[in-house]
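Enquirer: Can you look at this prediction? I've put the sequence above it.
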Amino acid sequence: MKKRYLALMLLLSTFLFGAKADSSIWGNNLLSNILEYDKEGSLHMGHYFTVIQSTYIQPMLLFVLIVIPLAFAAHYFIVGPKVFSHSGKSIMVFSLFKRINHALAAISFMVIIPTGIIMIFGDFFGGGAFVRFCKGAHAIASPLFMISVIPMLLTWMKRMIFSPKDDIRWLKIVGGYLSKEKKPIPAGMFNMGQKIYFWFVTLGGLVMIATSVILYLVDFELGIFTSMGLSQIDVLRISALTHNIIGIFIVAMFMVHIYMSVFAIKDAYKSMIDGTIPEEEVKILHSSYYKELQEKGEV
């Protein structure tokens, strides 16, 4: 099942990158043909699109890139990381398949996110060959994310379903991360923060994939858009805005994810290398899951 799914995703990504070569507008007439999209039948929202892109997108991203690291620095120096012993008993949590799939998503993000940021601030970097290189790298890394996102959704979604009993309590105490004490935190295998990140990345990621396909193919047409009164240029503009806005939220969530796994919980990232989490860490940060394991006689 998993092998078939991976083969399907590889075939899909190959088709998408090959489809561009058959486009009727690519070549010397690319720009003139795209401009024709706005001649008739469109919503003529070009001005508003330009204003939103130039006035709001860059400041929103800049805010995220400055404020979130400052908040993390304050947390690290005021509260400090949570430290759990890795020398004692550990609990196997993540299978090899899940770790490989997570690695694929992580590698793709490490290319997609910085190149996407550079593309948004292309004018700051002077445009030219460097920004074009980043655009190409962004496109090349995208199929890697496509390959990983749906298997991740299917294999982890059961554990990512929100649990009011634990998750609301987790939110009230912010997961215990504002305290230096080691008290049991109400959380299953995944806490509320991890669940929010998961749904942002998977569902938001699927929207990002859809919009990136539309932007990549440029002259992408679908009957449902026409029936809604949207011309090709309208679809391109909506796709670009949607892609950028969701992308900013995912950048923010990714930064939180990195901080939590590398700094806020010392050596937590190692669980995605060997698949295990120290028993003490599970007992404290995922107390409901630990009780579940106790009931099953697994700890």
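Expert: Structure's in. What do you need?

Enquirer: quick one: the strands in this structure?
Expert: Secondary structure of the chain (DSSP state E): strands at 90-92, 276-278.

Enquirer: separation between Tyr56 and Val251?
Expert: Per C-beta to C-beta, to the nearest Å, Tyr56 is found 15 Å from Val251. Any C-beta I mention is one placed from the backbone N, CA and C, and that applies to glycine too.

Enquirer: re the thing from before, Ile168: which of the strands of the chain is closest?
Expert: Judged by C-beta to C-beta, the one of the strands of the chain that comes nearest to Ile168 is strand 276-278, at 23.5 Å.

Enquirer: contacts for the closest one?
Expert: 84-86, 88-93, 268, 271, 286 (C-beta atoms under 8 Å, 6 or more residues apart in numbering).

Enquirer: which of the strands of the chain sits most buried?
Expert: Mean neighbour count (mean count of other C-beta atoms under 10 Å) peaks for strand 276-278 among these, with a mean of 21.

Enquirer: strands paired with that one, and their directions?
Expert: Looking at strand 276-278 with DSSP bridges, its partner strands are strand 90-92 (antiparallel).

Enquirer: Could you give the separation of the partner strand from the chain centroid?
Expert: 27 Å (C-alpha atoms, centre = their mean, to the nearest Å).

Enquirer: any idea of the mean pLDDT in that strand?
Expert: Average pLDDT, strand 90-92: 94.

Enquirer: show me where the chain has helices.
Expert: Listed in chain order, the helices found in the chain under DSSP state H are 2-19, 30-36, 46-52, 58-78, 96-120, 128-160, 164-172, 192-217, 223-227, 232-259, 271-274, 279-285, 287-295.

Enquirer: Looking at these, which is nearest to Pro186?
Expert: helix 164-172 (4.3 Å).

Enquirer: other SSEs contacting that closest one?
Expert: helix 192-217 (3 or more C-beta pairs under 8 Å, 6 or more residues apart in numbering; DSSP states H and E).

Enquirer: Centre of the chain to the helix it packs on, how far?
Expert: With C-alpha atoms, centre = their mean, you get 6 Å for helix 192-217.

Enquirer: Stretch 77-86 too?
Expert: Mean-position distance between stretch 77-86 and its chain equals 26 Å (C-alpha atoms, centre = their mean).

Enquirer: Of all the residues in stretch 268-284, which ones are buried?
Expert: 268, 271-272, 275-284 (16 or more other C-beta atoms under 10 Å).

Enquirer: pLDDT and distance to Arg99 for those residues - can I get that in JSON lines?
Expert: Below are the buried residues of stretch 268-284 laid out as JSON lines (pLDDT from 0 to 100; distance: C-beta to C-beta, whole Å):
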{"residue": "Ala268", "pLDDT": "92", "distance to Arg99": "14"}
{"residue": "Ser271", "pLDDT": "93", "distance to Arg99": "9"}
{"residue": "Met272", "pLDDT": "93", "distance to Arg99": "6"}
{"residue": "Gly275", "pLDDT": "95", "distance to Arg99": "6"}
{"residue": "Thr276", "pLDDT": "95", "distance to Arg99": "11"}
{"residue": "Ile277", "pLDDT": "95", "distance to Arg99": "12"}
{"residue": "Pro278", "pLDDT": "95", "distance to Arg99": "17"}
{"residue": "Glu279", "pLDDT": "95", "distance to Arg99": "19"}
{"residue": "Glu280", "pLDDT": "94", "distance to Arg99": "21"}
{"residue": "Glu281", "pLDDT": "95", "distance to Arg99": "17"}
{"residue": "Val282", "pLDDT": "96", "distance to Arg99": "17"}
{"residue": "Lys283", "pLDDT": "95", "distance to Arg99": "22"}
{"residue": "Ile284", "pLDDT": "96", "distance to Arg99": "23"}
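
Enquirer: Between those residues, which sits nearest His47?
Expert: For the buried residues of stretch 268-284, the nearest to His47 is Met272 (45.8 Å; C-beta to C-beta).

Enquirer: and the closest one, how far is that from Gly80?
Expert: Going from Met272 to Gly80 by C-beta to C-beta gives 23 Å.

Enquirer: ok, now Phe97?
Expert: 35 Å.

Enquirer: likewise Met157?
Expert: For Met157, the distance to Gly80 equals 33 Å [C-beta to C-beta].

Enquirer: now swap in Glu280 and tell me
Expert: Taking C-beta to C-beta, one finds Glu280 at 17 Å from Gly80.

Enquirer: Count the residues that sit near Val79.
Expert: 13 (other C-beta atoms under 10 Å).

Enquirer: Surely it is in contact with Lys180?
Expert: Yes. With contact defined as C-beta atoms under 8 Å, Val79 reaches Lys180; the gap is 6.1 Å.

Enquirer: coming back round to it: can you lay out the helices of the chain as a markdown table showing distance to Pro186?
Expert: Shown next, in a markdown table, are the helices of the chain (distance: least, C-beta to C-beta, whole Å):
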| stretch | distance to Pro186 |
| --- | --- |
| helix 2-19 | 33 |
| helix 30-36 | 53 |
| helix 46-52 | 40 |
| helix 58-78 | 21 |
| helix 96-120 | 24 |
| helix 128-160 | 15 |
| helix 164-172 | 4 |
| helix 192-217 | 9 |
| helix 223-227 | 43 |
| helix 232-259 | 20 |
| helix 271-274 | 20 |
| helix 279-285 | 10 |
| helix 287-295 | 6 |
